[in-house]
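Peer 1: Below are the sequence and a predicted model for it; my questions follow.
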Amino acid sequence: MDKIYIRTDMNDKIATGHMMRCLAIADALRKKKAEAIFIIADENAVNLLKKRNYKFIVLHINWNDKESELPVLQQYIQKLNIKKMLVDSYEVTEKYFRALHNWVHVMYIDDLNLFSYDVDALVCYANYWRKFQYDQWNDNVKKYLGVTYAPLRETFWNCGPHKMKDKAECLLLLTGGADPYNIVSKVLEGIERDSFFGIEVICGVYNQNYDTLKEQYKSEKKIRFHKAVNNIEKYMQEADVAISAGGTTLYELCALGVPTISYAFADNQLDNVNQFQADNIIDYAGDARKENIVNKINIYLKQYMNDMELRKKKSLQMQKLIDGKGAERIAEALMAL
């Protein structure tokens, strides 16, 4: 059986995005009868990996100092005869990859283009991949570029058309793994909540405002709060319009064809949300760190509310862009490494 080791992390600083896309790839490997084994810095992801029935190795090191883990990692590579590794982290360095690539075949998931990575294969599924000019790189690096490689779970593969209603009745509000700027509260305070029959709020595992929000809105029965859900696709399928932070969630919403308004609250989300807007796929409300995003969200919501044709047009454009099968394509590339 082909064994692929996956080096990634999750915690309250970097949230869950890296881990979730790697789990999607691990699921695709499992379907192809290959085994994915995770290598993690600390105990933060242990419960999730156990729940998903994946083997793991805990290095017991500092997650944001990649070079310091090299001696420990080398011992595991030699002991377990590791041949292939997928790396998904923003903390990598040139020294880290030089050492790692001497020991194993390496594939790296990138969306920052920090330096010329010493790897066998590179994945950049970000919709803004062209700005990085990867074609000027070393030709020995195999490159898997564009949204066709967006690593989504199987539930997002080849989805049917999104159901459309004459009037948008159900609003979905998503924040990703964390909500450090308490954006959920600002959006709920600023939108016309009575315009909707139901508002579903999905909070990530690291959202520290969850209990406060539930208490604040306990009298409004139409607003339902959920934390770290396992079936986020169910809420997406039922939504008429979504409001979401930038990140992989936008690709999931595209695969399901849910008309969406995006916002950003981190630098690594900006290229993503701006490119989706430039491509006329997802409307962008602004950077929550320095703009009043609620005003723009309200403008877009009013456009979407009663215009089913607009929502249908957006939905078709989204699904035309992403078929959701990127994890399967990455799994095939890893097995061929």
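Peer 2: Good, I have the coordinates.
Peer 1: show me what contacts the residue most central in space within the chain?
Peer 2: Central residue of the chain (CA atoms, centre = their mean): T248, 2.6 Å from the mean position. Each residue near T248 by CB atoms under 8 Å, 6 or more residues apart in numbering is listed here: 17, 20-21, 150-152. Glycine gets a C-beta too; all of them are placed from N, C-alpha and C.
Peer 1: Quick one: list the elements packing against the helix or strand harbouring A28.
Peer 2: Using DSSP states H and E, A28 maps to helix 17-31. The helices and strands touching helix 17-31, judged by 3 or more CB pairs under 8 Å, 6 or more residues apart in numbering; DSSP states H and E, are strand 3-7, strand 35-40, strand 105-109, helix 248-256, helix 326-335.
Peer 1: ok, residues contacting the first one?
Peer 2: With CB under 8 Å, 6+ apart as the test, strand 3-7 has contacts from 22, 25-26, 29, 34-40, 57, 73, 82-89, 104, 334-335.
Peer 1: Rebuild the helices and strands packed on helix 17-31 as a markdown table, extending it with distance to G177 and mean pLDDT.
Peer 2: Listed next are those as a markdown table, based on distance: least, CB to CB, whole Å; pLDDT from 0 to 100:
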| stretch | distance to G177 | mean pLDDT |
| --- | --- | --- |
| strand 3-7 | 18 | 98 |
| strand 35-40 | 15 | 98 |
| strand 105-109 | 17 | 98 |
| helix 248-256 | 10 | 96 |
| helix 326-335 | 19 | 98 |
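Peer 1: Just the buried positions in stretch 30-50, please.
Peer 2: 34, 36-41, 44-45, 48-49 (16 or more other CB atoms under 10 Å).
Peer 1: Show the backbone phi and psi for A285.
Peer 2: Main-chain torsions, A285, degrees, to the nearest 10: phi -100, psi -10.
Peer 1: So what's the residue count around it?
Peer 2: Around A285 there are 24 other residues, counting by other CB atoms under 10 Å.
Peer 1: Just the pLDDT for it.
Peer 2: Here the pLDDT value assigned to A285 is 98.
Peer 1: any idea whether L152 is helix, strand or coil?
Peer 2: Assigned with DSSP: H, G, I helix; E, B strand; the rest coil, L152 falls in the coil class.
Peer 1: hmm, back to that, could you identify which of the helices and strands packed on helix 17-31 is most buried?
Peer 2: Sort these by mean neighbour count, taking mean count of other CB atoms under 10 Å, and helix 248-256 sits at the top with a mean of 25.
Peer 1: Would you mind getting the angle between that one and helix 326-335?
Peer 2: If you take axes from the mean of the first three to the mean of the last three CA atoms, to 10 degrees, helix 248-256 sits at 110 degrees to helix 326-335.
Peer 1: Check what pLDDT the residue lying closest to E332 once chain neighbours are set aside gets.
Peer 2: Distances taken as CB to CB, 6 or more residues apart in numbering place K32 nearest to E332, at 7.3 Å, with adjacent residues excluded. Per-residue pLDDT puts K32 at 96.
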